[in-house]
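Colleague: Let's see this in three dimensions:
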Amino acid sequence: MKIIGIGNAIVDVICKVDDSFLKENNLTKSTMKLVDEAEFKKLLSTLKIEETVSGGSVANSIVGLSQLGNKVGFIGKVSDDQLGNKYEDGLKKENVDFFYLKKKEVTPTGTCLILITPDSERTMITFLGTAGKISEQDIDTNAVKKSEILFLEGYLWDEGEPKKAFDKAINNSNKVAMSLSDLFCVERHKPHFLELVKSKLDITFANEQEIISLIDAKNFEDVVDFAKDIDKLIVITRGEKGALAVNKKEIVECSAKDNLKIKDLTGAGDLFAGGFLHGLIKKKTTKESLDFGTEMSSKVIQIIGARLN
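Modeller: Take a look at the predicted model:
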């Protein structure tokens, strides 16, 4: 297997809202907020659902990689309930090997409410459910060992059992990539993420805000210097300014695509990472890998939802 992903197995519920909805509910645009099941249901009860689809950051990347013809797998915790079955079916339809034997859990399968405002930005309200209870017992070490690259998401990392699951996966991997996922995650786990980036990850995916926050950079030049110093591959998306990859040997840049009819930015970073990793496992140059990532990202932001059809 080329790549195995481990992440939050979450069903996405996509809704369109006005900015006033965010303000009324004290939500910060373009971020992710964790809520309990009661608050999630309360918010959802006032909204019209546009689409329901299997989601999760790394899972979206893995599906993108499968659509590009790669042999891939995914580990994520769901319950044996209606949403859990929907989640597993969604992966199977995309030819993704699901390395988790679901069983009836006390906590239901996780759900993410994706709120799309008229400017196409997405704000996420997440009830982690059983996804956030992943443990080291849920990690299929054999599948991890047989994969060229292990891909993790910052959303999944947390103290206790999820951290043990993370560590077990990393310790059995051949090469590790991780997405910092969200500014909320970076600020919540900054010392831990910084240690991961410096010591345990081979490849880090981040947007400009996330990486600047992680290292408390004064400007973007500080970020480039940091990446060169630690001699790891750091891949950074910068919105309209494009993307770049930095390591000790080189800085490679890629322009953003013009004249796109943007509908929804959900999944932009996920599909970018998927495209970049596709280039990497196909032994393409860093520039070609950035181009793959940009192409995938450009396609997904012109549709509603985080997965290409």
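
Colleague: quick one: contacts for residue 169?
Modeller: Applying Cβ atoms under 8 Å, 6 or more residues apart in numbering to residue 169 gives the contacts 6, 75, 139, 141, 144, 150, 152. Yep, even glycine has a C-beta here, placed from its N, CA and C like the rest.

Colleague: Where in this protein is the helix or strand with the lowest mean pLDDT?
Modeller: For the chain, counting by mean pLDDT, DSSP states H and E, strand 49-55 ranks last in confidence among helices and strands (a mean of 87).

Colleague: Next, the buried residues of it.
Modeller: The neighbour-count check on strand 49-55 (16 or more other Cβ atoms under 10 Å) flags 53, 54, 55 as buried.

Colleague: how about low-confidence regions in the stretch 51-200 of the chain?
Modeller: The model of the stretch 51-200 of the chain has no residue with pLDDT under 70.

Colleague: still on that earlier bit, and the helix or strand following the least confident helix or strand of the chain, how far out from the chain's middle?
Modeller: Next in sequence after strand 49-55, counting helices and strands by DSSP states H and E, comes helix 57-67. Mean-position distance between helix 57-67 and its chain equals 9 Å (Cα atoms, centre = their mean, to the nearest Å).

Colleague: going on from helix 57-67, what's the next piece of helix or strand?
Modeller: For helix 57-67, the following helix or strand on the C-terminal side (DSSP H and E) is strand 72-75.

Colleague: what angle separates the least confident helix or strand of the chain from helix 57-67?
Modeller: Computed by axes from the mean of the first three to the mean of the last three Cα atoms, to 10 degrees, the angle separating strand 49-55 from helix 57-67 equals 80 degrees.

Colleague: So what touches strand 49-55?
Modeller: Residues outside strand 49-55 that contact it (Cβ under 8 Å, 6+ apart): 9-16, 86-87, 89-91, 112, 114, 116, 304-307.

Colleague: which neighbours does it have in its sheet, and in what orientation?
Modeller: strand 10-16 (antiparallel) (DSSP bridges).

Colleague: for the helix or strand just after the strand it pairs with, what is the average pLDDT?
Modeller: Counting by DSSP H and E, the next helix or strand C-terminal to strand 10-16 is helix 19-24. Throughout helix 19-24, pLDDT has a mean value of 96.

Colleague: for helix 19-24, which positions count as buried?
Modeller: For helix 19-24, by 16+ other Cβ under 10 Å, it's 21, 22.

Colleague: how far out from the middle of the chain is that helix?
Modeller: Relative to the centre of its chain, helix 19-24 is centred 25 Å away, using Cα atoms, centre = their mean.

Colleague: got the CA coordinates for it in PDB?
Modeller: Extracted C-alpha coordinates of helix 19-24, given in PDB (Å, rounded to 0.1, in the frame of the first residue of the first chain):
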ATOM      1  CA  ASP A  19     -22.700  35.800   8.300                       C
ATOM      2  CA  SER A  20     -25.400  36.800  10.700                       C
ATOM      3  CA  PHE A  21     -25.900  33.200  11.700                       C
ATOM      4  CA  LEU A  22     -22.200  33.000  12.700                       C
ATOM      5  CA  LYS A  23     -22.500  36.200  14.700                       C
ATOM      6  CA  GLU A  24     -25.700  35.100  16.500                       C
END
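
Colleague: Do a quick rundown of the helices in the stretch 101-250 of the chain.
Modeller: With DSSP state H, counting those that start in this stretch as the criterion, the stretch 101-250 of the chain has helices at 141-145, 161-171, 183-188, 190-195, 208-215, 220-230.

Colleague: quick one on the thing from earlier: pull out the buried residues from the contacts of residue 169.
Modeller: 6, 75, 139, 144, 150, 152.

Colleague: ok, back up a step: out of the helices of the stretch 101-250 of the chain, which comes closest to residue 46?
Modeller: For these, the distance to residue 46 is smallest for helix 183-188, at 23.0 Å, taking Cβ to Cβ.

Colleague: same for that closest one, what does it pack against?
Modeller: Here helix 183-188 touches strand 32-34, helix 208-215, going by 3 or more Cβ pairs under 8 Å, 6 or more residues apart in numbering; DSSP states H and E.

Colleague: Name the nearest residue to residue 158, sequence neighbours excluded.
Modeller: Among residues not flanking residue 158 along the chain, residue 132 sits closest, at 6.8 Å (Cβ to Cβ, 6 or more residues apart in numbering).

Colleague: Quick one: neighbours of the closest residue to residue 164 other than its chain neighbours, just the number.
Modeller: Spatial nearest neighbour of residue 164, chain neighbours left out: residue 136 (4.4 Å); criterion: Cβ to Cβ, 6+ apart. The local packing of residue 136 (other Cβ atoms under 10 Å) involves 15 other residues.

Colleague: what sits against residue 136?
Modeller: 161, 164, 165, 167, 168.

Colleague: For residue 185, see how far away it is.
Modeller: With the distance defined as Cβ to Cβ, to the nearest Å, residue 136 ends up 21 Å from residue 185.
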